[in-house]
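Trainee: Give the three-dimensional model of this entry:
(3 chains)
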Amino acid sequence: MPEGPELHLASLFVNRMCEGVVFTGSVKKSQVSKRPDVPFTSEAYRITAQSRGKEVRLTLTPIKSDDVKQSVKAGHSDQPMDIIFHFGMSGFFRFTTEDELPKHAHLQFYSNEKPCRVLSFVDARRFGGWQPNGTWQPDRGPCIMFEYETFRENVLTHLSDRAFDRPICETLLNQKYFNGIGNYLRAEILFRLNIQPFVKARTVLEGLLCKDKKAEETTKTEISDQAVKNAAVEPLDLLSLCHTVPLEVVKQGGKGYDPEKADYSAFEAWLQCYCVDGMKSIRDHNSRTIWFKGDPGPMAPKNSKSPKAKKRVKKEDNHDYATQKKVGEGVTKARTVKQETLTEKVKKEKVPEKQTGSKRQRIQNGKEMSMPQQNKRSSARRKSSSTEMVLQKSGHVTRQSSK
DNA sequence: CGTCCACGTCTAC
DNA sequence: TAGACCTGGACGG
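Mentor: Numbers count the residues shown, from 1 in each chain, chains lettered A, B, ... in the order given. Alright, predicted model coming up:
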């Protein structure tokens, strides 16, 4: 789940599932977790969520009781508590009955219902975590999705920072400036503008300085919605795509990037570059895999090897945020249902639905930088162009590379 | 079986 | 610029 869109979808999930639900008692932590205990206990409380970049904040709010004494019980909180989560590589929220608690549910909030239900933070790899009584991490910049104007300003007023000495693909993972961008987003964003991943970040971004000054004189853009509109009208630039591309993922609903999910194919079809057959991939200076097309650019690491990508297979289990029922009736999606039928959900049926059947293949490349198979008009290529049409219809022009 | 890979930070030579 | 922190799925033998 772990890039900005997935964190935001998680917050939407919590708010939807927990609306009207009353939680009770203490917050339980799994035995194996090394994360802090959550010192909160309440007879009756509600849970709401908000996201910012790659963090989610849960707010536990005790419900006022007529019985004053009850709320004063020893050890019981009458004050709200914020808990800040980061998801690591594998974190997400689920809402299930008690006996359906998923494996790796490391933090659990119990409802007061008869067959009790549990909101749990699930994190197989345990790279994620939480901070009770937490605040947004101060070292993280404004959210690329919901604090667009501040995000943009934060970047453009700090271009002298040495963070921008690095290749753009590496700077895009710097959460001090790009809070919410992760490995698949950086690839998708650079690809759409045909920006070589290993061009110096400052070189790419300093051109936007004068552009913004111009805009300042003419129009005043203050809210994010406005920025979205402008982005659709004005020439696209790297920073505006850092805003709109993640929002496209949010718009799709579901859980975003989640290969284990039953209907992962919708997200997979949205990808134009990351893990797409025919694209190149190499390791950056932090040994993270960057996917791209064409020339890597002047700052590409020497001797960089390309990791071997592997195919992924969808699983039966379905814990899609979008499809879970209000009642925690588990995972009873018929296994016989075809994937095609599970993957409609293309907002606004304006777009003629596409062949969801064709599937992208992972590259099986060698040790050296992988090159696209020349004579292999991959289905991915077709797919890219059809995806592009979808995007254009929704107002997002893509500078597709169609060569 | 074993090896490689994964949506992300962290801190220690 | 390496590891460390972890689990588990895909693949190869």
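
Trainee: Every contact and neighbour count from this point should use C-alpha atoms.
Mentor: Noted.

Trainee: averaged over its residues, what pLDDT does the top strand by length along chain A have?
Mentor: The single longest strand within chain A, with elements called by DSSP state E, is strand A:41-52. On average, the pLDDT along strand A:41-52 is 98.

Trainee: Each with direction, which strands does it pair with?
Mentor: With DSSP bridges as the test, strand A:41-52 is paired with strand A:23-26 (antiparallel), strand A:55-62 (antiparallel).

Trainee: what's in contact with it?
Mentor: Identification of contacts with strand A:41-52 by Cα atoms under 8 Å, 6 or more residues apart in numbering yields A:4, A:7-8, A:11-12, A:14-15, A:18-27, A:56-63, A:70-71, A:75-78, A:112, A:136, A:142-143, A:146, A:179-180.

Trainee: returning to that earlier point: can you tell me which of the strands paired with strand A:41-52 is most buried?
Mentor: strand A:55-62 (a mean of 23; mean count of other Cα atoms under 10 Å).

Trainee: And DNA strand B, is that strand touching that?
Mentor: No: residues of strand A:55-62 contacting DNA strand B under Cα under 7 Å from any atom of the strand: none, with a closest distance of 8.0 Å.

Trainee: re earlier: ChimeraX command for the buried members of the contacts of strand A:41-52?
Mentor: To isolate the buried members of those in ChimeraX, using 16 or more other Cα atoms under 10 Å:
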select /A:4,7,8,11,12,14,15,18,21,22,23,24,25,26,27,56,57,58,59,60,61,62,63,71,76,77,78,112,136,142,143,146,179,180
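
Trainee: quick one: the helices in the stretch 201-350 of chain A?
Mentor: Listed in chain order, the helices of the stretch 201-350 of chain A (DSSP state H, counting those that start in this stretch) span A:201-205, A:207-218, A:224-233, A:238-252, A:264-270, A:339-342.

Trainee: any idea which of those helices scores lowest on pLDDT?
Mentor: helix A:339-342 (a mean of 26).

Trainee: still on that earlier bit, want to throw the strands paired with strand A:41-52 into JSON lines with mean pLDDT?
Mentor: Listed next are the strands paired with strand A:41-52 as JSON lines, based on pLDDT from 0 to 100:
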{"stretch": "strand A:23-26", "mean pLDDT": "98"}
{"stretch": "strand A:55-62", "mean pLDDT": "98"}
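
Trainee: looking at those, which is closest to A:Asp212?
Mentor: strand A:55-62 (28.3 Å; Cα to Cα).

Trainee: contacts for the closest one?
Mentor: By Cα under 8 Å, 6+ apart, the list of residues contacting strand A:55-62 reads A:4, A:7-8, A:10-11, A:42-51, A:77-87, A:136.

Trainee: A:Ile290 and A:Met279 touch, don't they?
Mentor: No: between A:Ile290 and A:Met279 there is no contact under Cα atoms under 8 Å: 10.1 Å.

Trainee: Contact partners for A:Asp237?
Mentor: Contacts of A:Asp237 by Cα under 8 Å, 6+ apart are A:193, A:208.

Trainee: quick one: the longest strand of chain A near DNA strand B?
Mentor: No: with Cα under 7 Å from any atom of the strand as the criterion, DNA strand B is not reached by strand A:41-52; the gap is at least 11.3 Å.
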